[in-house]
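*Asks:* the sequence and its predicted three-dimensional model are supplied below.
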Amino acid sequence: MSERTCRLVTLGCKVNQYETQLVKESLLSSGFREAAEDEAADLCFVNTCTVTGEADSKGRQLIRQLAKKNPGTRTIVMGCYATRDPEVLRDLPGVFEVVSDKRELPDVLNRLGIVDIPDGISHFDGRRRAFVKIQDGCILRCTYCIIPEVRPGLRSRSPESIYAEVRRLIDNGYREIVLSGIHVGHYGVDTTRAKSGLPPFRLWHLFEKLDRIPGDWRMRLSSIEAVEVNDEFIRTAASCEHLCPQFHPSLQSGSEAVLRRMRRRYSIEKFLDKLEQMREQLDNPAFTTDVIVGFPGETDAEFQETLAACRRARFMKIHVFPFSKRKGTPAADFENQVAPEVRKDRCQILSDLERDLAEEYYQTLVGRELEVLVEGVSRKRPGWVHGNDRRYAPVEVPGTTDDIGKFVSAHGESAGRHQVTAVRVGSESIVGSR
Ligand code: SF4
């Protein structure tokens, strides 16, 4: 019997990429192979996203394109959009099955003759950095967010399963593991509840457990809510040698009034206080964040408060998102929607501030030892490579393609708005060093 071929396409976040990888490894271990670029696949998988209306339409477009380019294919659609609106997706060409409830995925795979579904991934395509999903679901109700509708309830993976997966990925050459999820700060909340009878095992316990894995590797936390940073978290983060001192607490707005309308759970002072506590106990940690600009009713004064809070927080990176209405969320129906041109102007102002703050932070890395995970060669500077340091600062350092996927020890020499420039240390191969 000839080999069956498959094609997998992912939209959306790293958690989706992780889930696609899991399906892919199931297919490959059951005798499928990935179709070549110009070859029609027998089976297509689309892992959808529904974070915005554009993500929905991208998903529908993709499914139609796959049906055209892979005549006779059977397309299986999964992911957040599939959960949210399975009926619409079922009617699209080529669609064989819509997995609206992720728990049904093993049954769907079984029906295709795929019985060997691994407990975790062994590879993460195309990178030296692998994302590991440690939990799923969010039980909060931020007024702009649709995620709790499509990923409700909390489901934390067992520490043993995560440990085995991280070990496997390190053995397979991955140097950086990013602990990811939908709301990672709630890791272990579901398994720690009194009725479970299990001893508490929260995020910081997981750090400790994973930190015992020997070798040349590092782990990073994808995000954390400031209110979930407690003394144990900080103490453990400071003592785990493999954990990178970079954290992503989402600010979303620097205005108390806007935070209340967003139904966020912290005050600005509390948020900034947590960052200070971490700065006191960790070695120059880097903070990155998300900010939504132009949330309904955001006044100019409220936007100014966001700028002020960002300055005080000294973020290294700010992901700036103009508010976009998400049908089905309370904020989509709020009055006083902010005009698109005002949102655009405010995004520009915040992005300008972001570049200034980035440079300020990068300056703190000048004169320091850096551990750069090399990702590629510099396009502008022959003889140089680029990558990220433990604090996720982008760094350029002399090097060659041989360095890609490896750690390079470097010394920060200078910093600009976009990156730190470094020289190599502890290596003979200083190429093109100034
Ligand atoms: S934004 Fe709020 S509701 Fe949405 S996933 Fe994050 S914490 Fe949960």
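*Replies:* Ah, there it is.

*Asks:* SS state for P296?
*Replies:* Following DSSP: H, G, I helix; E, B strand; the rest coil, P296 is assigned to coil.

*Asks:* and it, how many neighbours?
*Replies:* Close neighbours of P296, defined as other Cβ atoms under 10 Å, add up to 20. Heads up, the C-betas are built off the backbone N, CA and C, glycines and all.

*Asks:* show the pLDDT at the closest residue to it other than its chain neighbours.
*Replies:* Computed as Cβ to Cβ, 6 or more residues apart in numbering, the closest residue to P296 that is not its neighbour in sequence is F334, at 3.6 Å. For F334, the pLDDT comes out at 97.

*Asks:* same thing with the one 10 residues further on?
*Replies:* Reading off the per-residue confidence, K344 sits at a pLDDT of 97.

*Asks:* three-state assignment of it?
*Replies:* Under three-state DSSP, the three-state class of K344 is helix.

*Asks:* one step back: contacts only, for the residue nearest to P296.
*Replies:* Applying Cβ atoms under 8 Å, 6 or more residues apart in numbering to F334 gives the contacts 143, 261, 296-297.

*Asks:* now it: how far from L112?
*Replies:* Distance, F334 to L112, by Cβ to Cβ, to the nearest Å: 44 Å.

*Asks:* got it, and Q348?
*Replies:* From Q348 across to L112, the span is 49 Å (Cβ to Cβ).

*Asks:* who has more neighbours out of the two?
*Replies:* When Q348 and L112 are compared for neighbours, L112 comes out ahead with 19 against 12, by other Cβ under 10 Å.

*Asks:* ok, that one touching D42?
*Replies:* No: counting by Cβ atoms under 8 Å, L112 stays clear of D42, with 9.8 Å between them.

*Asks:* what helix or strand does V77 sit in?
*Replies:* Assigned by DSSP states H and E, V77 belongs to strand 74-79.

*Asks:* one more: K270?
*Replies:* helix 268-281.

*Asks:* now swap in T306 and tell me
*Replies:* helix 300-313.

*Asks:* can you point out the buried residues in that helix?
*Replies:* Counting neighbours by 16 or more other Cβ atoms under 10 Å, one finds that the buried residues in helix 300-313 are 302-303, 305-307, 309-310, 313.

*Asks:* ok, and what's touching the helix holding K270?
*Replies:* Helix 268-281 is contacted from outside by 226-227, 229, 234-235, 237-238, 247, 249, 251, 254-256, 259, 285, 287, 305, 309, 312-313, using Cβ under 8 Å, 6+ apart.

*Asks:* can you list the strands that the strand holding V77 pairs with?
*Replies:* In the sheet containing strand 74-79, its partner strands are strand 43-48 (parallel), strand 95-98 (parallel), by DSSP bridges.
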